[in-house]
Each structure stands twice: as structure tokens, then as C-alpha cells.
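S.K.: Sequence and predicted model, in that order:
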Amino acid sequence: MEYGKIISVTGLGGLFELVGSKKDGAIVRSLEDKSTRFVASRVHNFSHLESIEVYTVRDNVNLVEVFAAMKNSGETLPSDKDNGAVKAYFQKVYPDMDFERVYTSDMKKMVKWFSILQANNVEFKLSEAAEEENEEAEQGVEVTSPDDAEDAGTERAEQ
């Protein structure tokens, strides 16, 4: 299963694999119970895990970096019922996190999502397109093709 196909759906707990999309919603499969269902975009919002960033004391980082730190730490995952334990866990595992802007509820969600992803053997790796977007955003570069520039010049000249 690819990390790039994993989404979160507002109003529904857990994580889902994006199986297909329609103009009015998406077909998703739960990573927890493997049930497949249609989710209407009128009622729910979808967030690809690849697009989620976490506030840090420096630049924001992609969620995949936090998951990688969690995996490499060797620390035992805390119970999501104990706010203090969750915060202490992230202070050990990812001390650069901005704890004033990242709420405990978000940290609990990261712990839950991490355990779901681990149970489904999902590799914490961004897709190539997402990596390129992150690199461009970090560099502040706007990418346009030469054809776009020619078209824009042509449109201005015609006006």
C-alpha cells in the first residue's frame, strides 16, 4: 500500500485508502476494518497525508518526517488517553515540534495514525510528485514551462 494513497476523511475516524474518485465524492477503503464505501464530498473533506505539514520551531515539516522520527526512535507509543504522556513522547521523539501551535489532540491523532499505518505495513515515503512540490516550495521557485511563457507573451501582444 502506498503512503500517497492514504487519506483522512473529516467526520470519520481512522485512515482510508483512496480506491477511486467521482465528481461528487470518493470510494475509500478503511485501513482498520477493510470495509469499502462511498464518501460524498458535499458532507466530508479529504486530506492526503502527503499534504499535511506539522508546525516546528523552524520551517514546517511534512507529516512523513514526524512518522519517520517516531519509527526510528524506538520509544513505546503512549496511550492516547493520557495527554501528558503523549506530549512527553513527542518532546523526546520530535523536540523541534512547536508545542504551542500543535495541539495535544493533533499529537494523539498522529499516534493513532502511526499505529494504523504500522499495522498495515505502509512505508513512510512521499511520492515523487509530492517530493518535487516540497522541494519547489522550500526553494520558493515557481515552475512554468517555456510554452506557458510563450502563450502568455502571445496573449499580451494580441491585446
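M.R.: The structure has been received and is ready for your questions. In this text the structure is predicted, and so the values were computed from the model without any measurement. Residues are numbered from 1 along each chain as shown.
S.K.: need the contact list for residue 18.
M.R.: 5, 6, 7, 26, 27, 28, 46, 48 (C-beta atoms under 8 Å, 6 or more residues apart in numbering). Bear in mind the C-beta positions are built from the backbone N, C-alpha and C, glycine included.
S.K.: Can you give me the distance of it to residue 36?
M.R.: 11 Å (C-beta to C-beta, to the nearest Å).
S.K.: do the same with residue 88
M.R.: 38 Å.
S.K.: What part of this structure, helix or strand, is modelled with the least confidence?
M.R.: Confidence across the helices and strands of the chain bottoms out at helix 146-158, with a mean of 43, counting by mean pLDDT, DSSP states H and E.
S.K.: sorry, back to before: so which of the contacts of residue 18 are in helices?
M.R.: Counting by DSSP state H, none of the members of the contacts of residue 18 fall within helices.
S.K.: Neighbour count for these - can I get that in CSV?
M.R.: Converted to CSV, the contacts of residue 18 look like this (neighbours: other C-beta atoms under 10 Å):
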residue, neighbour count
5, 17
6, 22
7, 19
26, 19
27, 15
28, 25
46, 17
48, 16
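S.K.: tell me which residues of whichever helix in the chain runs longest are tucked away?
M.R.: In the chain, assigned by DSSP H, the helix with the most residues is helix 104-119. Of the residues in helix 104-119, those buried under the neighbour-count criterion (16 or more other C-beta atoms under 10 Å) are 106, 107, 108, 109, 110, 111, 113, 114, 116, 117.
S.K.: rewinding a little: pull up the overlap in contacts between residue 18 and residue 36.
M.R.: Between them, residue 18 and residue 36 have 27, 28 as joint contacts when contacts are counted by C-beta under 8 Å, 6+ apart.
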